[in-house]
Each structure stands twice: as structure tokens, then as C-alpha cells.
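Undergrad: Kindly generate the corresponding structure for this input.
(one chain, ligands or ions: 1)
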Amino acid sequence: MSFESLGLSAPVLQAVADKGYTTPTLIQEKAIPIVLMGRDVLGCAQTGTGKTASFVLPMIDILSEGRAKARMPRSLILEPTRELAAQVAENFEIYGKNHKLNMALLIGGVSFPDQERALERGADVLIATPGRLLDHFERGGILLNDVKILVIDEADRMLDMGFIPDVERIVATLPPLRQTLFFSATMPPEIKRLADRFLSNPKEVTVSAPASASKNIVQGLAVVQEDDKREALRALIKEQDIKNAIVFCNRKKDVAILQTSLKKHGFNAGALHGDMSQPARMETLEKFKQGEIQILVASDVAARGLDIVAMSHVFNFDVPFSPEDYVHRIGRTGRAGLTGHSFTLASPEEGGLVEAIEKLIGTTIPRVEVPGMAAIAFEPSDGRRRSRGRSRGGSSSSSRGRSSSSRPPKEVRAEQAPRPQREPKPQSEAPQALEARPPREARPPREPQAERSNRESRPPQEARPSQEARSSRDRRPERSDRSSRPDRRDRDDSPAPLGLGDHVPAFLARPTR
Ligand code: AMP
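TA: The predicted structure is shown next:
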């Protein structure tokens, strides 16, 4: 099928051709004609499938008629992270270069006045993260009654990051007569329920089995001792022919430690996590995109949805807590028809997490050996399988035993304290409960932690919520979908821990002689 047969206008087709695309991807083929018809879409597609263009291209054509009024955007695209929002904005610029559409990008970490000016000009397309959008809304800087097209992108990630209540608040302010495009890589029941509420007679478009990993990704998994992971990673990096790679860590503090360690060993490594300032995040990302940084150590939140062309490798330094995250992480490689490689380092205690992933993706991740390291077994737990690793003579530091002098520094060891296992996730709140929330005045804006943490200087005092309102926010109990994840304390979107939280310092976990 050709782009010409999808019903797009000549200027959009020209922009697509200039970008070098010759044939539409499957999601584009299926979704574009439906969006152009004005119908709602429920899209189940993972990143890397060309999903962004599947909504951006037809939106440009739909929005080419008409003009936006000041502070009243005509369409709204909600993205879970700043990077993803910025990426979609980039796409709009590329594909919309032959149109005169105004775009506004509302993300945390960027100054309010610039964003207010963009809104004031009148935005045909508003691309935003939920927290920053609500901030503008609460200040009265934006009216959403003119939004005719709503896109909710990466809905499952919104759920994972606890943004769904914010998304629900935003959707409640939109006109009911609108076109809604709802995309998610996976369709867990909570997401399906949400889609049922937001969409009206949608056309379902699924381009691959939910949560399946791309066939273009060659996967591998090595079981190694937690203490040996850094050594194992270095060995794999040296063994592989790496053009560029992301190394995912479950915790942002591990990101910094691992980056320092890699640099110490002579690797060209950068770091990306939610505690970094927005300019620093953007700068690192740009360097990685330009090839100035070869290995990017990142947390899930910061790296979500990154579209780096031809990324050769993804490494999971930790097995992700959520099986869906595994699919997202490895989906950073093997994009746009290219072959990618992913390697996961699992400690013996992470067998349960691996099992959950394999159940989700419906296949066993091939076990690989780390050069020079003994393959070991998963710890048996609850009668689960014992091992897939093979034993091989090697020089694993743990198999050698470590002398106290060869131990990593204390703060490094502290990161390796036992990790809490994921608890079953409670059901999200019933819709009625959400509708019954207090009116806006009583609920000051809430910005997700990931956004709050890097916020630039606060706006003038009078623009901020009243003391009373702020304290009501402080008192407000956490919602189930925010608090349900015990492992979130050191994730980018997690609240700060109280006391030691679940963190057990390593010296407490060490056996006494
Ligand atoms: P996405 O799933 O939207 O993140 O897109 C994944 C990658 O595919 C991006 O690098 C796009 O530029 C690229 N892409 C999107 N559509 C096409 C197409 N029709 N042909 C080739 N590459 C594409």
C-alpha cells in the first residue's frame, strides 16, 4: 500500500516523501483512513511501529481548516513524559512543514512565560504532559472547550506513572463532542475500562499482539550475581558490536552509579533520569542522538518512548519490575525494520520477574553466557523452576569470592540491598469515585513527581495555589494507582521515602560472623 492511497493531502504527502518514507507502516495503513473519517481510534501498538505518524499525519490535514483562538487550543495530545512530548512536537514540525499550524508544547522544566506566550498566539496543536497542562489550566491560562481532537498516547505508561487521575480531570474539561485517539502498547483491564469511558464507538486497531516484543529484536538473558552485574555488563558491551546503547536501571540512583562506573572503565557513557534538570536531560539526549555519547544509562521514566534512529543495543541492568516495561525497554531497538539486540542481566533472585516477562511475551528469553563468567541458576522460589543457566568455569568475582578490600565502595554496596518484590496491583478506582471528587477550586494542581522534581523557578506567589489549598493537597491521600507500587520509591515518578522506607542499608543485610 502507498501513502497516496490513505487519503492524505498533497502537502502532507510531500512532507512524508521528504522525510524519506516510501510505504506506510501497518499502524499507519490501518489508522490514518479512520482518523481522516473523524472516527475514534483505540490503537494497540508499541513504540517503533510508526504510531506517532499514524495520528500526526491525519491530524495535520484535519486541522488545516480553521484557526485557533488565543488560549483555546483546537487539539490536545497528552504524553506521559517530557521527552516523548518533545518528540511528538518534533514530528509535527517535520510532517507539518507545508502547513501553517501553531503548536504549543507544555512540559515541566521549561519556563511558564514562554509556554503562556505560545498559548496566547492560539495553538492548533497542544502537546502536553498532564501535570504541566493542569498547572496552566488551574492558573486560568488555558481553556479546553475548543478541543476537537484528543490524543492520549502511551496510556499504559500514564497508568504506570500514576497520571490517570490527572488525565481524567483533563478529559472531564473537554467537550464531549470530539474525536478521541487512544494509544497504548498494552491493554490491561484498567486501560480497557478507561478507553471504554473516553471513546465513542471506536475502531480498534492492533498492529501486533499486545505486549509482544518486536521480531526484529534478538534477545538474550544472563543470570549473574547482583555484585557481578557491572562486570557482566562491561563484558557484554566489549563482546558486542555496539553502535549505541541504552542501559536501563530500575532506580535512578543506580543510573548515576553505573554511569560513573562505566566512565571509570573508559566507556563513553551518559546518564538520563528524572532528577536531572530539563536542560541537562535535553542536552544529554541530544548528545546521544548525535553519537557524542555512545552508552546512555537511563531510568524508565526518562527513556520512555525515545526514538533514536538505528539504536543497536538495549541492556537491562535490572529486570524491570513490570513485565510491560520489558517490552517498552527493548522496543527502543529494532525500530523501523532494523535489527536490534537486547540483553538482560538477572540476579538469581530475579527469576520471578523474568518468569512474568516470559509469560507476557509468550516466549522464553534465550539464555546467554557472559564471557569469562560462570552461568548460575535462579534461586528456587515457591517451587518455581530452578535454572536455565548453564554452569561454566569462569572468573566471576562472586564465584571467586570477594575480599573486603576488593569490594565496591560502601555507597555502591548499599544499592545492592535486597529489593522489595512487586505486590499485586489493586484495581484502579471506580469511575464514580473520580466524578465525585471536589471541584477544581478545592483541588490545587497536582503535578506528577517526575515533573515536580525538575520544575524551574516557581511562578509568582499570587499565581500559586493558596496556602489552604496547598495543605489540602498535602493531606489528600494517595490514590490507589499511585501508591500501589511498592517498588516506586526510587523511580522517577515516586514520592520521596520517609525514613528508610523499604530501603535496607547493605550493612544491615550483611551476615554477621
Ligand atoms: P514511532 O513508533 O512513532 O516512535 O516511530 C518509530 C520510527 O519509525 C521513527 O523513527 C519514525 O521516524 C519511523 N517511521 C515512521 N513511519 C515510517 C515509515 N512509514 N517508513 C519508515 N520509517 C517510519
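Undergrad: In the chain, where is pLDDT below threshold?
TA: Residues of the chain that meet the criterion pLDDT under 70 lie in 208-214, 301-305, 309, 335-337, 381-513.
Undergrad: tell me which parts of it are close to the ligand?
TA: Contact residues (Cβ under 6 Å from any ligand atom) of the chain with the ligand: 21, 24-25, 28, 47-53, 307, 309, 335-336. In this view, the C-beta of every residue, glycine as well, is placed from N, C-alpha and C.
Undergrad: Mind doing that once more with 5 Å?
TA: With Cβ under 5 Å from any ligand atom as the criterion, the chain meets the ligand at residues Tyr21, Thr25, Thr47, Gly48, Thr49, Gly50, Lys51, Thr52, Ala53, Asp307, Ala336.
Undergrad: Which among these count as buried?
TA: Tyr21, Thr25, Thr47, Gly48, Thr49, Gly50, Lys51, Thr52, Ala53, Asp307 (16 or more other Cβ atoms under 10 Å).
Undergrad: tell me the two of the residues of the chain next to the ligand that are most distant?
TA: Tyr21 and Thr47 (16.7 Å; Cβ to Cβ).
Undergrad: Now do the domain split for this structure, please.
TA: 3-206, 217-388, 447-509 (automatic domain parsing).
Undergrad: phi, psi of Ser184?
TA: Main-chain torsions, Ser184, degrees, to the nearest 10: phi -150, psi 140.
Undergrad: can you count the residues close to it?
TA: By other Cβ atoms under 10 Å, the residues close to Ser184 number 25.
Undergrad: Name all residues that make contact with the closest residue to it other than its chain neighbours.
TA: Leaving out its chain neighbours, the residue that sits closest to Ser184 by Cβ to Cβ, 6 or more residues apart in numbering is Ala155, at 4.0 Å. Residues counted as contacts of Ala155 (Cβ atoms under 8 Å, 6 or more residues apart in numbering) are Phe182, Phe183, Ser184, Ile191, Leu194, Ala195.
Undergrad: from these, which would you call buried?
TA: The buried subset of these (16+ other Cβ under 10 Å) comprises Phe182, Phe183, Ser184, Ile191, Leu194, Ala195.
Undergrad: Going along the chain, name the helices of the stretch 151-300 of the chain.
TA: Under the criterion DSSP state H, counting those that start in this stretch, the stretch 151-300 of the chain contains helices at 155-160, 164-172, 189-198, 229-239, 252-264, 278-290, 300-303.
Undergrad: Now distance to Arg367 too, for the ones you listed, in TSV please.
TA: Output for the helices of the stretch 151-300 of the chain, formatted as TSV (distance: least, Cβ to Cβ, whole Å):
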stretch	distance to Arg367
helix 155-160	28
helix 164-172	37
helix 189-198	32
helix 229-239	13
helix 252-264	23
helix 278-290	29
helix 300-303	24
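Undergrad: So which bits of stretch 113-125 are buried?
TA: Buried, per 16+ other Cβ under 10 Å, within stretch 113-125: Gln115, Glu116, Ala118, Leu119, Gly122, Ala123, Asp124, Val125.
Undergrad: Ignore what I typed, I meant stretch 189-201.
TA: Buried residues in stretch 189-201 (16+ other Cβ under 10 Å): Glu190, Ile191, Leu194, Ala195, Phe198, Leu199.
Undergrad: same question, stretch 257-264
TA: Of the residues in stretch 257-264, those buried (16+ other Cβ under 10 Å) are Ile257, Leu258, Gln259, Ser261, Leu262.
Undergrad: Nearest to Gly131 among those residues?
TA: Of the buried residues of stretch 257-264, the one sitting nearest to Gly131 (Cβ to Cβ) turns out to be Gln259, at 26.6 Å.
Undergrad: Okay, and the beta partners of the residue nearest to that closest one when sequence neighbours are not counted?
TA: Closest residue to Gln259 apart from its sequence neighbours, by Cβ to Cβ, 6+ apart: Ala271 at 4.0 Å. Beta-bridge partners of Ala271, counted by DSSP bridges, are Val297.
Undergrad: pretty sure Thr49 contacts Thr206?
TA: No - Thr49 is not in contact with Thr206 according to Cβ atoms under 8 Å; the separation is 10.5 Å.
Undergrad: Distance check, Asp275 against Gly140.
TA: 31 Å (Cβ to Cβ, to the nearest Å).
Undergrad: For these two, work out which one has more neighbours and name it.
TA: For Asp275 and Gly140, the more surrounded residue by other Cβ under 10 Å is Asp275, and the numbers stand at 17 against 9.
Undergrad: gap between that one and Gly50?
TA: 32 Å.
Undergrad: Report the distance from stretch 321-335 to the chain centre.
TA: 10 Å (Cα atoms, centre = their mean, to the nearest Å).
Undergrad: let me redo that: stretch 88-98
TA: Distance, centroid of stretch 88-98 to centroid of chain: 21 Å (Cα atoms, centre = their mean).
Undergrad: returning to what we had before: the residues of the chain next to the ligand in helices, which ones?
TA: Lys51, Thr52, Ala53 (DSSP state H).
Undergrad: which residues in this structure form strands?
TA: 41-44, 75-78, 103-106, 125-128, 149-152, 179-184, 203-206, 217-223, 245-249, 269-272, 295-299, 313-316, 340-346 (DSSP state E).
Undergrad: Give the partner strands of the third one in its sheet and their orientations.
TA: The one in question is strand 103-106. Strand 103-106 is paired, per DSSP bridges, with strand 125-128 (parallel).
Undergrad: Name the surrounding residues that touch the strand it pairs with.
TA: Residues contacting strand 125-128 (Cβ under 8 Å, 6+ apart): 59, 63, 73-79, 85, 88-89, 92, 101-107, 119, 133, 142, 147.
Undergrad: For those, which ChimeraX command selects only the ones that are buried?
TA: Buried residues among the contacts of strand 125-128 (16+ other Cβ under 10 Å), as a ChimeraX selection:
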select :59,63,73,74,75,76,77,78,79,85,88,89,92,101,102,103,104,105,106,107,119,133,142,147
